[in-house]
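just to be clear, the model below is a prediction. Sequence and coordinates:
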Amino acid sequence: MDTVIRDQAAPSLSTADGEPTADAIVEATRRLVPGLKACAAAIERERRVPADLIDELAGTGMFRLLQPRRFGGLEYGFTDLVRVNLELGRGCGSTAWCATIAMIHNWLVGLYPLEAQEEVWRDPGALVTGAYAPNGSCEAVPGGYRITGRWSFASNCDNSAWAVVCSMLPPSTEGARPTQAWLLVPRADFAIDDTWFSAGMAGTGSKTIRIDTPVTVPAHRVLSVAAINSGEAPGAAVHANPLYRLSFTGAAPFTLSSVPVGILRGALEDFVEMAKDKMASWPGGPPRPMAELPHVQLAIADAAAAADAAGLLLLRDTAQMAALLGAGALPSIDDRMTYRRDHSFAATQSARAATLLFEALGANGGDLASPIQRAWRDTNVAARHISLAWSTTGGMYGRHQLGRAPDGTY
């Protein structure tokens, strides 16, 4: 499958040291959207994003957005990542999901001890995937931990040179409890089981990582979840940028939540173009132009408002987060609760609005050649990611507002 979609020269916008600006990366991403729309169905059929397309995305500079400068990155921040996702999602939801997984892991690796970062970025272009449900067996051994097991939902694993897997570290002292930790393992240490057959986001290749023969992960490639969310992870002492003091659970969901917003934007564009030209059957009379139907007009208004509101919420929150970092502060619990609410709300509203577009097409909505049905499936699956589910995240925000202890991730 030929998926290289380069159509114009990249923008010339650059910083004083010759690096692409964030605006240039967003513009380069925007130029890829028509080609992404054209190959979205093929990516869905293949159930993964092909390597040549990943290379094409890398050429925009997007994977460097959150990567430490010390290892060839740009350290631009989460606002620019959201802006990129809002464009990518317009073209192909699965591609956007895989790209954002690569981008956030380039930030996550920056939280690990320097020795781990040096190993991963011996190749500055190496990509990392992750699977975060605690699983497998883990035993302490001299210098690290020996693990085996299976970890599901590792998006973009086929294109990744490393993986983060989650296990419970055995207690280090008598009477202590196991510690949840994320362990970095190279591609040579794990196999991939092709287990990803999904109604939505089918092209993300979110397969299962398998380690059958025990492998030893050295201690410098093991980081507790508590440390990752502490604001004082080892990488915070390596990189001066306060970007690496953010908590994973408060900041990382901006990556996933912005993808369904982008998908909705693309679906709305496609729907409007379809409605301008298509005739629709009407009970009791001859076919009428689809553009004249009130429910079609209302669906467009609803979807446009939802896309704008969701995108603005995410961009407002990331701008506030950046302002706090610039002032030498970190987001408070109240701030992070608002972020988590908005992560979930943006995704949920995107799925709701995409459903309205899908339903407005009637029986035609089920045509597998229609991008609207793919957007409907993709947004509804994306919005049910555990970090975005409104039933839990919205409830957590409500509990916090009522003065009760939060019971989720923030």
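All right, it came through fine. What you see is a predicted model, and the numbers here were worked out from it, not measured in a lab. Residues are numbered from 1 along each chain as shown.

mind showing which ranges of the chain have poor pLDDT?
1-12, 14, 16, 282 (pLDDT under 70).

that one: strands as residue ranges?
All strands of the chain, identified by DSSP state E, fall at 128-131, 137-141, 144-154, 162-169, 179-186, 191-193, 207-218, 222-224, 279-282, 285-289.

any idea which of those strands is most buried?
Highest mean neighbour count of the strands of the chain: strand 128-131, a mean of 24 (counted as mean count of other CB atoms under 10 Å). Glycine gets a C-beta too; all of them are placed from N, C-alpha and C.

ok so, going back, now for the strands of the chain, which one comes closest to I25?
Closest of the strands of the chain to I25 is strand 128-131, at 19.4 Å (criterion: CB to CB).

C-alpha coordinates for the closest one, PDB please?
Output of strand 128-131 as PDB, limited to C-alpha atoms (Å, rounded to 0.1, in the frame of the first residue of the first chain):
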ATOM      1  CA  VAL A 128       7.900   4.100  22.000                       C
ATOM      2  CA  THR A 129       4.600   2.500  22.600                       C
ATOM      3  CA  GLY A 130       3.000   1.600  26.000                       C
ATOM      4  CA  ALA A 131       0.500  -0.700  27.700                       C
END
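
now the strands of the chain as CSV including distance to L36?
CSV is the format used below for the strands of the chain (distance: least, CB to CB, whole Å):
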stretch, distance to L36
strand 128-131, 21
strand 137-141, 39
strand 144-154, 22
strand 162-169, 25
strand 179-186, 30
strand 191-193, 24
strand 207-218, 22
strand 222-224, 34
strand 279-282, 28
strand 285-289, 29
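
of all these, which one is nearest C98?
The nearest among the strands of the chain, by CB to CB, is strand 128-131 at 8.9 Å.

what sits up against the closest one?
101-102, 105-106, 108-109, 120, 151-157, 160-166, 182, 184, 208-209 (CB atoms under 8 Å, 6 or more residues apart in numbering).

and of the strands of the chain, who's closest to N364?
strand 279-282 (8.1 Å).

run through the neighbouring helices and strands of the closest one.
strand 285-289 (3 or more CB pairs under 8 Å, 6 or more residues apart in numbering; DSSP states H and E).

given the strand it packs on, what are its sheet partners and their directions?
strand 279-282 (antiparallel) (DSSP bridges).

can you tell me what sits against the strand it pairs with?
For strand 279-282, using CB under 8 Å, 6+ apart, the contacting residues are P287, R288, P289, M290, L293, V296, G362.

can you put these in TSV and add distance to G89?
Formatted as TSV, the contacts of strand 279-282 follow (distance: CB to CB, whole Å):
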residue	distance to G89
P287	33
R288	32
P289	29
M290	24
L293	27
V296	23
G362	25
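
farthest-separated two in those residues?
P289 and G362 (14.4 Å).

quick one, helices of the stretch 251-400 of the chain?
253-277, 294-326, 333-360, 371-382, 390-401 (DSSP state H, counting those that start in this stretch).

of the ones you listed, which is nearest P113?
Nearest of the helices of the stretch 251-400 of the chain (CB to CB): helix 294-326, 21.9 Å.

next, the angle helix 371-382 makes with the closest one.
Taking axes from the mean of the first three to the mean of the last three CA atoms, to 10 degrees, one finds helix 294-326 and helix 371-382 inclined to each other by 50 degrees.

buried sites along helix 294-326?
Residues of helix 294-326 classed as buried: 296, 299-300, 302-303, 306-307, 309-311, 313-315, 317-318, 321-322, 324-325 (neighbour count, 16 or more other CB atoms under 10 Å).

distance from the chain centre to that helix, please.
Helix 294-326 sits 17 Å away from the centroid of its parent chain (CA atoms, centre = their mean, to the nearest Å).

from the contact counts, what lies against it?
helix 78-91, helix 253-277, helix 333-360.

those: which one's closest to A375?
Of all the helices and strands packed on helix 294-326, helix 253-277 comes closest under CB to CB, at 3.5 Å.

buried sites along the closest one?
253-268, 270-271, 274-275.

cool, stretch 65-84 as well?
65-68, 70-71, 73-84.

return the distance of that stretch from the chain's centre.
14 Å.

likewise stretch 375-392?
12 Å.

tell me the buried residues in that stretch?
375-385, 387-390.

quick one: which of those is nearest Y410?
Using CB to CB, the buried residues of stretch 375-392 come closest to Y410 at S387, 10.4 Å.

leaving out chain neighbours, which residue sits closest to the closest one?
P253 (4.8 Å; CB to CB, 6 or more residues apart in numbering).

T129 now?
S160 (4.0 Å).

quick one, phi/psi of that neighbour?
Main-chain dihedrals, S160, degrees, to the nearest 10: phi -110, psi 140.

which residues does it contact?
Counted by CB under 8 Å, 6+ apart, S160 has contacts A102, L127, V128, T129, A154, R187.

any chance of a markdown table for those, columns distance to P234?
Shown next, in a markdown table, are the contacts of S160 (distance: CB to CB, whole Å):
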| residue | distance to P234 |
| --- | --- |
| A102 | 22 |
| L127 | 21 |
| V128 | 17 |
| T129 | 21 |
| A154 | 24 |
| R187 | 23 |
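
widest-spaced pair of the residues you listed?
A102 and R187 (14.1 Å).

neighbour-wise, which of those two wins?
A102 (26 against 16; other CB atoms under 10 Å).

distance-wise, check that one relative to A301.
Note on A102: its distance to A301, by CB to CB, to the nearest Å, is 35 Å.

coming back round to it: what is the nearest of the buried residues of stretch 375-392 to S332?
Distances from S332 to the buried residues of stretch 375-392, taken by CB to CB, are shortest for S387, at 19.9 Å.

now do the contacts for that closest one.
A252, P253, L256, H343, T393, T409.

surely P68 and G110 touch.
Yes: here P68 reaches G110: they are 4.6 Å apart, a contact under CB atoms under 8 Å.

find residues that contact each of those two.
Common neighbours of P68 and G110 (CB under 8 Å, 6+ apart) are Q117, G235, V238, H239, Y244.

excluding chain neighbours, what is closest to A304?
Nearest one to A304, counting by CB to CB, 6+ apart, is L268 at 6.1 Å.
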